[in-house]
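Engineer: structure, please.
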Amino acid sequence: MQTEDLDSLTPTRDFSRRSFVKTAVGSGFAAAVLPVTAQTLKTDSEGLTVGEVTVPVGGFKMPAYRAQPAGKTNLPVVLVISEIFGVHEHIADVARRFAKLGYLAIAPELFVRQGDAQSYGEIAKLQAEVISKVPDAQVMGDLDAAVAWAKANGGDTGRLGITGFCWGGRITWLYAAHGPVKAGVAWYGRLVGNNTELTPRHPVDLAKELKAPVLGLYGGQDAGIPLDTVDKMKAALAAGSAAAKQSEFVVFPDAPHAFHADYRPSYRKEAAEDGWKRCTAWFKKHGVA
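Structural biologist: Below is the predicted model:
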(Lines give C-alpha, C1' and ligand atoms only; values in the text may rest on other atoms or scores of the structure.)
Protein backbone atom coordinates (compact mmCIF):
# COMPACT_ATOMS: atom_id res chain seq x y z
CA MET A 1 0.00 0.00 0.00
CA GLN A 2 3.04 2.29 0.17
CA THR A 3 5.22 3.25 -2.75
CA GLU A 4 8.14 5.02 -1.07
CA ASP A 5 11.54 3.54 -1.81
CA LEU A 6 13.51 2.62 1.30
CA ASP A 7 16.50 4.58 -0.03
CA SER A 8 14.46 7.78 0.23
CA LEU A 9 13.94 7.40 3.96
CA THR A 10 15.86 9.14 6.71
CA PRO A 11 19.41 7.76 6.53
CA THR A 12 20.08 7.93 10.25
CA ARG A 13 17.34 5.41 11.04
CA ASP A 14 17.01 1.84 9.87
CA PHE A 15 13.62 1.50 8.19
CA SER A 16 14.29 -1.98 6.78
CA ARG A 17 11.54 -4.57 7.00
CA ARG A 18 13.59 -6.62 9.44
CA SER A 19 13.82 -3.74 11.90
CA PHE A 20 10.05 -3.41 11.98
CA VAL A 21 9.16 -7.01 12.70
CA LYS A 22 7.46 -7.02 16.08
CA THR A 23 9.74 -7.70 19.03
CA ALA A 24 7.77 -6.08 21.85
CA VAL A 25 4.66 -4.00 22.38
CA GLY A 26 5.31 -0.50 21.07
CA SER A 27 8.28 -1.46 18.92
CA GLY A 28 8.41 -1.77 15.16
CA PHE A 29 5.62 -1.35 12.64
CA ALA A 30 3.07 -3.78 11.27
CA ALA A 31 4.16 -5.65 8.16
CA ALA A 32 1.05 -4.38 6.35
CA VAL A 33 2.27 -0.76 6.44
CA LEU A 34 5.92 -1.25 5.47
CA PRO A 35 7.92 0.58 4.35
CA VAL A 36 7.13 3.54 6.58
CA THR A 37 7.66 7.07 5.32
CA ALA A 38 10.48 9.49 6.00
CA GLN A 39 8.28 11.93 7.91
CA THR A 40 7.66 9.41 10.73
CA LEU A 41 7.87 11.29 14.01
CA LYS A 42 9.91 10.13 16.98
CA THR A 43 9.26 11.39 20.50
CA ASP A 44 12.08 10.74 22.94
CA SER A 45 11.57 9.19 26.37
CA GLU A 46 13.72 11.61 28.35
CA GLY A 47 12.10 12.23 31.73
CA LEU A 48 9.60 9.44 31.17
CA THR A 49 9.01 5.92 32.36
CA VAL A 50 8.09 3.92 29.27
CA GLY A 51 7.78 0.36 28.05
CA GLU A 52 5.71 -2.78 28.10
CA VAL A 53 3.59 -3.67 31.11
CA THR A 54 1.23 -6.53 31.87
CA VAL A 55 -2.42 -5.81 32.65
CA PRO A 56 -4.33 -8.63 34.40
CA VAL A 57 -7.75 -9.35 32.90
CA GLY A 58 -9.14 -12.14 35.00
CA GLY A 59 -6.68 -14.98 34.44
CA PHE A 60 -5.33 -13.45 31.22
CA LYS A 61 -2.24 -11.25 31.08
CA MET A 62 -2.71 -8.50 28.50
CA PRO A 63 0.37 -6.65 27.24
CA ALA A 64 0.24 -2.87 26.98
CA TYR A 65 2.58 0.03 26.35
CA ARG A 66 2.82 2.59 29.13
CA ALA A 67 4.36 6.09 29.13
CA GLN A 68 4.29 8.52 32.03
CA PRO A 69 6.42 11.20 33.68
CA ALA A 70 9.11 9.46 35.72
CA GLY A 71 8.65 9.43 39.48
CA LYS A 72 5.27 11.16 39.49
CA THR A 73 1.86 10.01 40.68
CA ASN A 74 -1.70 11.32 40.70
CA LEU A 75 -1.48 11.72 36.93
CA PRO A 76 -4.36 12.22 34.52
CA VAL A 77 -4.87 9.05 32.47
CA VAL A 78 -5.44 8.62 28.75
CA LEU A 79 -6.22 5.33 27.03
CA VAL A 80 -4.63 5.24 23.55
CA ILE A 81 -6.41 2.84 21.20
CA SER A 82 -4.65 1.61 18.09
CA GLU A 83 -5.75 1.07 14.53
CA ILE A 84 -6.05 -2.51 13.27
CA PHE A 85 -2.24 -2.80 13.23
CA GLY A 86 -1.94 -3.11 17.00
CA VAL A 87 0.34 -1.28 19.40
CA HIS A 88 3.26 -0.51 17.10
CA GLU A 89 5.82 2.28 17.22
CA HIS A 90 3.45 5.05 16.13
CA ILE A 91 0.96 4.26 18.89
CA ALA A 92 3.80 4.12 21.42
CA ASP A 93 4.98 7.49 20.13
CA VAL A 94 1.51 8.97 20.64
CA ALA A 95 1.59 7.63 24.20
CA ARG A 96 4.94 9.36 24.77
CA ARG A 97 3.53 12.61 23.40
CA PHE A 98 0.80 12.46 26.03
CA ALA A 99 3.34 11.57 28.73
CA LYS A 100 5.36 14.66 27.81
CA LEU A 101 2.20 16.65 28.61
CA GLY A 102 1.95 15.06 32.05
CA TYR A 103 -0.37 12.12 31.39
CA LEU A 104 -0.12 8.47 32.25
CA ALA A 105 -0.82 7.04 28.81
CA ILE A 106 -1.58 3.38 28.34
CA ALA A 107 -2.07 1.59 25.02
CA PRO A 108 -3.38 -1.95 25.51
CA GLU A 109 -2.77 -4.68 22.91
CA LEU A 110 -6.43 -5.51 22.30
CA PHE A 111 -6.04 -8.11 19.53
CA VAL A 112 -3.56 -10.39 21.25
CA ARG A 113 -6.04 -13.18 22.02
CA GLN A 114 -7.02 -13.43 18.36
CA GLY A 115 -3.54 -13.11 16.81
CA ASP A 116 -0.50 -10.95 16.13
CA ALA A 117 -1.75 -7.99 14.09
CA GLN A 118 1.76 -6.79 13.36
CA SER A 119 2.78 -9.98 11.57
CA TYR A 120 0.18 -9.72 8.77
CA GLY A 121 1.35 -8.29 5.46
CA GLU A 122 -2.13 -8.11 3.92
CA ILE A 123 -4.80 -5.87 5.41
CA ALA A 124 -7.68 -7.98 4.08
CA LYS A 125 -6.25 -11.12 5.67
CA LEU A 126 -5.62 -9.29 8.93
CA GLN A 127 -9.22 -8.10 8.99
CA ALA A 128 -10.60 -11.57 8.23
CA GLU A 129 -8.40 -13.65 10.53
CA VAL A 130 -7.89 -11.32 13.52
CA ILE A 131 -9.84 -8.08 13.69
CA SER A 132 -13.23 -9.49 12.72
CA LYS A 133 -12.97 -12.01 15.55
CA VAL A 134 -12.48 -9.45 18.35
CA PRO A 135 -15.71 -9.02 20.36
CA ASP A 136 -16.67 -5.53 21.48
CA ALA A 137 -17.52 -6.93 24.93
CA GLN A 138 -13.97 -8.29 25.25
CA VAL A 139 -12.54 -4.89 24.34
CA MET A 140 -14.69 -3.08 26.90
CA GLY A 141 -13.53 -5.48 29.60
CA ASP A 142 -9.90 -5.09 28.57
CA LEU A 143 -10.18 -1.32 28.75
CA ASP A 144 -11.76 -1.55 32.20
CA ALA A 145 -8.75 -3.63 33.25
CA ALA A 146 -6.35 -1.07 31.77
CA VAL A 147 -8.07 1.66 33.78
CA ALA A 148 -7.73 -0.43 36.95
CA TRP A 149 -4.04 -0.94 36.20
CA ALA A 150 -3.53 2.79 35.71
CA LYS A 151 -5.26 3.55 39.01
CA ALA A 152 -2.90 1.15 40.80
CA ASN A 153 0.18 2.58 39.10
CA GLY A 154 0.13 6.32 39.60
CA GLY A 155 -2.96 7.34 37.66
CA ASP A 156 -5.86 9.48 38.80
CA THR A 157 -8.71 7.75 37.01
CA GLY A 158 -11.07 10.52 38.11
CA ARG A 159 -9.34 12.35 35.23
CA LEU A 160 -9.64 9.72 32.53
CA GLY A 161 -9.71 10.27 28.79
CA ILE A 162 -9.66 8.01 25.77
CA THR A 163 -8.50 8.56 22.21
CA GLY A 164 -8.23 6.17 19.30
CA PHE A 165 -7.48 5.97 15.60
CA CYS A 166 -9.57 4.26 12.89
CA TRP A 167 -10.60 0.97 14.58
CA GLY A 168 -9.68 2.68 17.83
CA GLY A 169 -11.79 5.68 16.90
CA ARG A 170 -14.88 3.48 16.83
CA ILE A 171 -13.86 1.97 20.16
CA THR A 172 -13.49 5.47 21.61
CA TRP A 173 -17.15 6.17 20.92
CA LEU A 174 -18.17 2.80 22.39
CA TYR A 175 -16.14 3.23 25.56
CA ALA A 176 -17.52 6.73 26.10
CA ALA A 177 -20.91 5.04 26.37
CA HIS A 178 -19.54 2.27 28.61
CA GLY A 179 -16.78 3.43 30.90
CA PRO A 180 -16.04 6.14 33.47
CA VAL A 181 -14.25 8.53 31.10
CA LYS A 182 -14.44 12.32 31.31
CA ALA A 183 -13.92 12.85 27.57
CA GLY A 184 -12.99 11.07 24.35
CA VAL A 185 -11.38 12.02 21.05
CA ALA A 186 -12.17 9.75 18.09
CA TRP A 187 -9.94 10.02 15.04
CA TYR A 188 -11.79 8.85 11.91
CA GLY A 189 -13.57 5.94 13.59
CA ARG A 190 -16.37 4.15 11.78
CA LEU A 191 -19.80 5.29 12.98
CA VAL A 192 -22.20 2.79 11.41
CA GLY A 193 -22.01 -0.88 10.49
CA ASN A 194 -23.69 -4.25 10.49
CA ASN A 195 -24.89 -5.42 13.88
CA THR A 196 -23.45 -8.86 14.61
CA GLU A 197 -22.96 -11.08 17.63
CA LEU A 198 -19.45 -9.71 18.16
CA THR A 199 -20.30 -6.10 17.23
CA PRO A 200 -23.91 -5.78 18.36
CA ARG A 201 -24.00 -1.97 18.43
CA HIS A 202 -22.13 0.82 16.71
CA PRO A 203 -21.49 4.44 17.67
CA VAL A 204 -24.68 5.69 16.00
CA ASP A 205 -26.65 3.14 18.06
CA LEU A 206 -25.00 4.26 21.31
CA ALA A 207 -24.92 8.00 20.69
CA LYS A 208 -27.86 8.76 22.95
CA GLU A 209 -26.18 6.91 25.84
CA LEU A 210 -22.82 8.67 25.91
CA LYS A 211 -21.51 9.24 29.42
CA ALA A 212 -18.75 11.56 28.24
CA PRO A 213 -18.50 14.07 25.40
CA VAL A 214 -16.53 12.95 22.37
CA LEU A 215 -14.72 15.06 19.81
CA GLY A 216 -14.78 13.43 16.39
CA LEU A 217 -11.90 14.29 14.05
CA TYR A 218 -12.68 13.18 10.50
CA GLY A 219 -11.41 13.61 6.95
CA GLY A 220 -13.58 15.08 4.23
CA GLN A 221 -11.84 12.83 1.67
CA ASP A 222 -12.18 9.62 3.69
CA ALA A 223 -13.61 7.13 1.20
CA GLY A 224 -14.38 4.61 3.92
CA ILE A 225 -16.40 6.96 6.14
CA PRO A 226 -18.91 8.87 4.03
CA LEU A 227 -19.86 12.26 5.41
CA ASP A 228 -23.51 11.26 5.45
CA THR A 229 -22.64 8.88 8.30
CA VAL A 230 -21.18 11.83 10.19
CA ASP A 231 -24.51 13.61 9.64
CA LYS A 232 -26.38 10.58 10.98
CA MET A 233 -24.17 10.58 14.07
CA LYS A 234 -24.71 14.30 14.62
CA ALA A 235 -28.48 13.77 14.52
CA ALA A 236 -28.26 10.89 16.99
CA LEU A 237 -26.10 12.95 19.34
CA ALA A 238 -28.50 15.88 19.20
CA ALA A 239 -31.27 13.62 20.51
CA GLY A 240 -29.13 12.08 23.24
CA SER A 241 -27.76 12.59 26.72
CA ALA A 242 -26.16 15.77 28.02
CA ALA A 243 -22.74 14.34 27.14
CA ALA A 244 -24.00 13.45 23.68
CA LYS A 245 -25.18 17.01 23.12
CA GLN A 246 -21.74 18.31 24.17
CA SER A 247 -20.01 16.14 21.57
CA GLU A 248 -18.62 17.79 18.47
CA PHE A 249 -17.21 16.99 15.03
CA VAL A 250 -14.41 18.64 13.12
CA VAL A 251 -14.12 17.59 9.48
CA PHE A 252 -10.89 18.48 7.68
CA PRO A 253 -12.14 18.99 4.11
CA ASP A 254 -9.00 17.93 2.23
CA ALA A 255 -7.84 15.16 4.58
CA PRO A 256 -8.09 11.44 3.74
CA HIS A 257 -8.45 8.57 6.16
CA ALA A 258 -5.54 8.14 8.59
CA PHE A 259 -4.40 11.73 8.22
CA HIS A 260 -2.75 11.61 11.66
CA ALA A 261 -0.64 8.54 10.79
CA ASP A 262 2.74 10.17 10.18
CA TYR A 263 4.28 6.83 9.15
CA ARG A 264 1.95 6.49 6.14
CA PRO A 265 1.45 8.43 2.88
CA SER A 266 -2.02 9.41 4.12
CA TYR A 267 -0.42 11.78 6.66
CA ARG A 268 -1.46 15.40 6.37
CA LYS A 269 0.75 17.51 8.60
CA GLU A 270 -1.50 20.53 8.93
CA ALA A 271 -4.64 18.52 9.73
CA ALA A 272 -2.73 16.21 12.10
CA GLU A 273 -1.21 19.07 14.06
CA ASP A 274 -4.52 20.95 14.22
CA GLY A 275 -6.26 17.77 15.32
CA TRP A 276 -3.69 17.17 18.05
CA LYS A 277 -4.17 20.69 19.42
CA ARG A 278 -7.92 20.17 19.42
CA CYS A 279 -7.50 16.80 21.14
CA THR A 280 -5.42 18.14 24.02
CA ALA A 281 -7.63 21.21 24.38
CA TRP A 282 -10.71 18.96 24.50
CA PHE A 283 -9.24 16.97 27.36
CA LYS A 284 -8.43 20.17 29.26
CA LYS A 285 -11.90 21.56 28.66
CA HIS A 286 -13.58 18.47 30.02
CA GLY A 287 -11.47 17.89 33.12
CA VAL A 288 -9.04 15.23 31.98
CA ALA A 289 -5.80 17.24 32.05
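Engineer: outside of stretch 42-51 itself, list whatever touches it.
Structural biologist: 13, 26, 65-71, 92-93, 95-97, 99-100 (CB atoms under 8 Å, 6 or more residues apart in numbering). Glycine gets a C-beta too; all of them are placed from N, C-alpha and C.
Engineer: give the buried residues for that stretch.
Structural biologist: 43, 48, 49, 50 (16 or more other CB atoms under 10 Å).
Engineer: for these, which one is nearest residue 252?
Structural biologist: The shortest approach to residue 252 among the buried residues of stretch 42-51 belongs to residue 43, at 22.5 Å (CB to CB).
Engineer: distance check, the closest one against residue 156.
Structural biologist: Distance, residue 43 to residue 156, by CB to CB, to the nearest Å: 23 Å.
Engineer: same check on residue 47?
Structural biologist: For residue 47, the distance to residue 156 equals 19 Å [CB to CB].
Engineer: same check on residue 239?
Structural biologist: Distance of residue 239 to residue 156, computed by CB to CB: 33 Å.
Engineer: what does residue 145 give?
Structural biologist: For residue 145, the distance to residue 156 - CB to CB - is 17 Å.
Engineer: which residues of the stretch 151-289 of the chain fall in strands?
Structural biologist: Assigned by DSSP state E, counting those that start in this stretch, the stretch 151-289 of the chain shows strands spanning 155-165, 183-187, 214-219, 248-252.
Engineer: the third one packs against which elements?
Structural biologist: On a contact count with 3 or more CB pairs under 8 Å, 6 or more residues apart in numbering; DSSP states H and E, strand 214-219 meets helix 167-176, strand 183-187, helix 227-238, strand 248-252, helix 269-285.
Engineer: give me the distance from the second one to the chain's centre.
Structural biologist: The gap between the average C-alpha position of strand 183-187 and the chain average comes to 9 Å, counting by CA atoms, centre = their mean, to the nearest Å.
Engineer: give me every residue that touches residue 110.
Structural biologist: Neighbouring residues of residue 110 by CB under 8 Å, 6+ apart: 62, 81, 82, 86, 134, 138, 139, 142, 143, 171.
Engineer: just the ones of those residues in strands?
Structural biologist: Per DSSP state E, strands hold the following members of the contacts of residue 110: 62, 81.
Engineer: still on that earlier bit, now secondary structure too, for the buried residues of stretch 42-51, in JSON lines please.
Structural biologist: Putting these into JSON lines (DSSP: H, G, I helix; E, B strand; the rest coil) gives the following:
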{"residue": "43", "secondary structure": "coil"}
{"residue": "48", "secondary structure": "strand"}
{"residue": "49", "secondary structure": "strand"}
{"residue": "50", "secondary structure": "strand"}
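Engineer: will you turn those residues into CSV that also has pLDDT and distance to residue 36?
Structural biologist: Converted to CSV, the buried residues of stretch 42-51 look like this (pLDDT from 0 to 100; distance: CB to CB, whole Å):
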residue, pLDDT, distance to residue 36
43, 97, 15
48, 98, 22
49, 98, 26
50, 98, 20
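Engineer: tally of neighbours for residue 228?
Structural biologist: By other CB atoms under 10 Å, 9 other residues sit near residue 228.
Engineer: likewise for the one 10 residues further on?
Structural biologist: For residue 238, the tally of surrounding residues (other CB under 10 Å) stands at 12.
Engineer: the one 5 residues further on too?
Structural biologist: Using other CB under 10 Å, residue 243 has 23 other residues around it.
Engineer: out of everything not next to it in sequence, what's closest to residue 129?
Structural biologist: Excluding its sequence neighbours, the residue lying closest to residue 129 (CB to CB, 6 or more residues apart in numbering) is residue 115, at 6.2 Å.
Engineer: any idea how far the one you found lies from residue 108?
Structural biologist: Applying CB to CB, the value for residue 115 to residue 108 is 16 Å.
Engineer: compare these two (neighbour count), which wins?
Structural biologist: A count of neighbours by other CB under 10 Å puts residue 108 above the other of residue 115 and residue 108, at 27 against 16.
Engineer: just to revisit the earlier point, just flag the most distant two among the buried residues of stretch 42-51.
Structural biologist: Between any two of the buried residues of stretch 42-51, the greatest separation by CB to CB is 14.1 Å, found for 43 and 49.
Engineer: and residue 132, that's in a helix?
Structural biologist: Yes: judged by three-state DSSP, residue 132 forms part of a helix.
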